[in-house]
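S.K.: Dropping the sequence and predicted coords here.
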Amino acid sequence: MPVADEHLVEMRGICKRFGGIQALLDVDFWLDPGEIVGLVGDNGAGKSTLIKILSGVYLPDKGEIYFQGRRVHFESPHDAKALGIETVHQDRGLVGNFDVPSNIFLGREITRFGLLRLKAMEREARAALQRLGMEIAALRAPVMNLSGGQQQAVAVGRAISTQPKVVIMDEPTAALAVKEVHKVLELMRRLKDEGVAVVFISHVLQEVLAVTDRIVVLRKGIKVGDLPTSEADIDLIVKLMVGTGEVNHGG
Amino acid sequence: MNRDLWKHFIRRYGTVIGGVLIFIGFAVTTPYFFTFHNFLLILKQMSLLTIVSLGFTFVMAAGGFDMSIGFAMGLANVFLASVLNATGSLALAVLTALGTGLVVGALNGLLVAFLRLPDFIATFAVGSVTYGAKMLYSGGYPVFLVSPPRSFFTIGQGTVGPVPVPVFIMLGILIVSLVVLNRTKLGRHIYAIGGNPMAALYAGINVRRKRFYTFLISGLSVGITAIVLTSRLGSGQPEAGENFLLDVISVCFLSTTMFGEGEPTGAGAFVGAFIITMLNNGLTMLNVPYHVQYITKGMVVIFAVMLSVLLGQKVRIKFL
């Protein structure tokens, strides 16, 4: 079994095909602790497919995933979570008719003698949201009655309340008010300071340039750019995205 | 604000209020409806319907549907009676009925949860297979009990004080269902799957396995009901229980509109089964022909669902 180098997460030669569409072709992707990596590309470039493979939702057709140097296989999101890889999916992945604590603790409910401890979960959910600087008055209301920003807070709160090693955020700022966007960006910086590796997917390149350490560009399923944010600007990124340039600084 | 409050109140308790109004209507128009004896009778009559409806609630809470319940019950009836005749062992007969329900449930679960067939089609087909199997086995005739142990009849016909034994069985299963649905991880995960299957998957829930469990539970409830039913009838009737499907679906639709939650609940199944049974009971007292009762039940369901849709509730009932 080959031993990978020092990266926290390393994906090698990832391929994924859906019917006649090559969603990903031979993509390498890695993450180090305490870095924010921007993942950008046009619609259909393969961003979501790549992070769904990393979060265990899809199985790759080909390619290897290493976590802390060890080869891993994700059969389901459960396996990725067990290693500390948490994902805030684009559609937020909330159960609309569940209240906030039920969503935050979905899949890892607190129980005693097999019975749910509703009070304890409510207390911890409130505490988790407070640590995020997010306050939701109606904790017991179905989350479908909350605003987009509040729903996002719940989704993010759920991801980071497990003390993850990797947090993947797929379009976390879409449909948010400016003030809420700043909160999300601020939160990513805080996670970085705590040594968490963050993957940030966004269509708003200004946000990506503002907060990331490194930017990976996908185009039609192929990695066409992987460069430090300090060497990037909007023009360059756009060129890579639409296919008039190629930059690869390699590992 | 005031209007919203009203809307909220009706949405939450409309079905229950409707039930109370029907109750009062029967109490006023018939002399024997509002008596302790009749109340016990309704509880006894509703006990089997409640048990199957509770099992169905698990399937429906996970966003599924089980069309096989009525047919599976007959199969369990005849197998139970045959095993009791052949062995004289109550334990073995009871296990056979439970096992039959579980096998049918497992078949449903395998097709729907693991092979991803649409639940409506798969459970309908399993129901058809079950129907054929029980008719082949029994020739369409009831399996009469030869020399069953007396204790067998206690299950369906016995009483504790004035209260029939099936009522206790129903209450026991109701309590277990309420606890599992509302207070355990399994129940929470089942509702999550029904609410947003992708979210459940993202949360690391084993969606397939838990959907499979819901069909097992439904099958188990059918097996339990077959035991009580066969004990009550004194023979294994191949076709007894077939009309349960309509009533169970009515109950679970009522349950879904009840309490304004838009999803079937254990308490809703109980209240819904009470309302449906009370309708049968009261209409019979009013000498309304039996088959008119089906028309009435259908209209009650339409009215309840329509009311909650008009009040803006999202009724989450999924087909195909």
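M.R.: Now that the structure is in, tell me what you want to look at.
S.K.: quick one, strands of chain A?
M.R.: Here chain A has its strands, by DSSP state E, at A:9-18, A:21-31, A:36-41, A:62-67, A:70-72, A:85-88, A:111-112, A:115-116, A:166-170, A:197-201, A:214-219, A:222-228, A:247-248.
S.K.: since we're on residue 47, how many residues are nearby?
M.R.: All of this refers to chain A. Residue A:47 has 24 neighbouring residues, counting by other CB atoms under 10 Å in any protein chain shown. The way it works is simple: take the backbone N, C-alpha and C, and place the C-beta from them, glycine included.
S.K.: Chain B is the one I meant
M.R.: For residue B:47, using other CB under 10 Å, the count is 25.
S.K.: need the contact list for it.
M.R.: B:164, B:166, B:167, B:169, B:170, B:228 (CB atoms under 8 Å, 6 or more residues apart in numbering or on different chains).
S.K.: Now with 10 Å, please.
M.R.: By CB atoms under 10 Å, 6 or more residues apart in numbering or on different chains, the contact set of residue B:47 is B:156, B:164-171, B:173-174, B:225, B:228, B:232, B:273, B:277.
S.K.: Considering these, which possesses the most neighbours?
M.R.: Neighbour-wise, those (other CB under 10 Å) top out at residue B:225, 32 neighbours.
S.K.: quick one: what helix or strand has that residue in it?
M.R.: Per DSSP states H and E: residue B:225 is located in helix B:207-233.
S.K.: how about low-confidence regions in chain A?
M.R.: A:1-5, A:245-251 (pLDDT under 70).
S.K.: Would you map out the domains in it?
M.R.: As assigned by automatic domain parsing, chain A contains the domains A:1-84+A:165-251, A:96-163.
S.K.: Would you format those domains as a markdown table with distance to residue B:189 included?
M.R.: Formatted as a markdown table, the domains of chain A follow (distance: least, CB to CB, whole Å):
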| stretch | distance to residue B:189 |
| --- | --- |
| domain A:1-84+A:165-251 | 12 |
| domain A:96-163 | 7 |
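S.K.: Tell me the residues on the stretch 151-300 of chain B that lie near chain A, please.
M.R.: Within reach of chain A by CB under 10 Å from any CB of the partner chain, the stretch 151-300 of chain B has these residues: B:179-180, B:182-189, B:191-208, B:261-263.
S.K.: how does it look with 8 Å?
M.R.: B:179, B:183-185, B:188-189, B:191-192, B:195-196, B:198-206, B:261-263 (CB under 8 Å from any CB of the partner chain).
S.K.: Next step: those residues restricted to helices.
M.R.: Among these, the members found in helices (DSSP state H) are B:179, B:183, B:185, B:188-189, B:191-192, B:195, B:198-202.
S.K.: Farthest-apart pair in the residues you listed, please.
M.R.: B:179 and B:198 (27.6 Å; CB to CB).
S.K.: picking that back up, got the ones in helices among the residues of the stretch 151-300 of chain B next to chain A as JSON lines, with neighbour count and pLDDT columns?
M.R.: Formatted as JSON lines, these follow (neighbours: other CB atoms under 10 Å in any protein chain shown; pLDDT from 0 to 100):
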{"residue": "B:179", "neighbour count": "15", "pLDDT": "97"}
{"residue": "B:183", "neighbour count": "16", "pLDDT": "96"}
{"residue": "B:185", "neighbour count": "20", "pLDDT": "97"}
{"residue": "B:188", "neighbour count": "24", "pLDDT": "96"}
{"residue": "B:189", "neighbour count": "23", "pLDDT": "97"}
{"residue": "B:191", "neighbour count": "25", "pLDDT": "96"}
{"residue": "B:192", "neighbour count": "27", "pLDDT": "96"}
{"residue": "B:195", "neighbour count": "25", "pLDDT": "92"}
{"residue": "B:198", "neighbour count": "14", "pLDDT": "92"}
{"residue": "B:199", "neighbour count": "23", "pLDDT": "93"}
{"residue": "B:200", "neighbour count": "28", "pLDDT": "94"}
{"residue": "B:201", "neighbour count": "21", "pLDDT": "92"}
{"residue": "B:202", "neighbour count": "29", "pLDDT": "90"}
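S.K.: wait, what's in contact with residue A:209?
M.R.: A:38, A:215, A:229, A:232, A:233, A:234, A:237.
S.K.: Switch these over to a markdown table; also include distance to residue B:62 and neighbour count.
M.R.: Listed next are those as a markdown table, based on distance: CB to CB, whole Å; neighbours: other CB atoms under 10 Å in any protein chain shown:
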| residue | distance to residue B:62 | neighbour count |
| --- | --- | --- |
| A:38 | 38 | 24 |
| A:215 | 41 | 25 |
| A:229 | 45 | 18 |
| A:232 | 46 | 22 |
| A:233 | 50 | 10 |
| A:234 | 47 | 11 |
| A:237 | 44 | 23 |
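S.K.: near chain B, which residues of the stretch 151-251 of chain A?
M.R.: Counting by CB under 8 Å from any CB, no residue of the stretch 151-251 of chain A is near chain B.
S.K.: so where is chain B shaky, pLDDT-wise?
M.R.: If you take pLDDT under 70 as the line, chain B has these spans: B:1-2, B:260, B:311-320.
S.K.: quick one: the helices in it?
M.R.: Using DSSP H, helices in chain B cover B:2-29, B:36-61, B:69-87, B:90-109, B:119-138, B:150-157, B:165-183, B:185-195, B:197-202, B:207-233, B:244-257, B:266-285, B:290-310.
S.K.: what's the closest of those helices to residue A:223?
M.R.: helix B:197-202 (24.9 Å).
S.K.: what distance separates that closest one from the centre of its chain?
M.R.: Distance, stretch centre to chain centre, for helix B:197-202: 27 Å (CA atoms, centre = their mean, to the nearest Å).
S.K.: Only C-alpha atoms, please: export that helix in PDB.
M.R.: In PDB, the C-alpha atoms belonging to helix B:197-202 read as follows (Å, rounded to 0.1, in the frame of the first residue of the first chain):
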ATOM      1  CA  PRO B 197     -34.000  11.700   2.000                       C
ATOM      2  CA  MET B 198     -30.900  13.500   0.700                       C
ATOM      3  CA  ALA B 199     -30.500  15.300   4.000                       C
ATOM      4  CA  ALA B 200     -30.800  12.000   5.800                       C
ATOM      5  CA  LEU B 201     -28.200  10.500   3.600                       C
ATOM      6  CA  TYR B 202     -25.900  13.500   4.000                       C
END
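S.K.: so what secondary structure elements neighbour it?
M.R.: helix B:185-195, helix B:207-233 (3 or more CB pairs under 8 Å, 6 or more residues apart in numbering or on different chains; DSSP states H and E).
S.K.: wait, what's in contact with the residue of the stretch 101-250 of chain A at minimum distance from chain B?
M.R.: The minimum distance from the stretch 101-250 of chain A to chain B, using CB to the nearest CB, falls at residue A:107 (3.5 Å). Taking CB under 8 Å, 6+ apart, we find residue A:107 in contact with A:78, A:81, B:189, B:200, B:203, B:204, B:205.
S.K.: For the residue lying closest to it once chain neighbours are set aside, grab the count of nearby residues.
M.R.: Spatial nearest neighbour of residue A:107, chain neighbours left out: residue B:203 (3.5 Å); criterion: CB to CB, 6 or more residues apart in numbering or on different chains. Burial of residue B:203 is recorded as 23 neighbouring residues (other CB under 10 Å).
S.K.: thought residue B:203 was touching residue A:89?
M.R.: No - contact between residue B:203 and residue A:89 fails when scored by CB atoms under 8 Å: they sit 10.3 Å apart.
S.K.: Now residue A:83. Nearest residue, chain neighbours left out?
M.R.: residue A:67 (5.3 Å).
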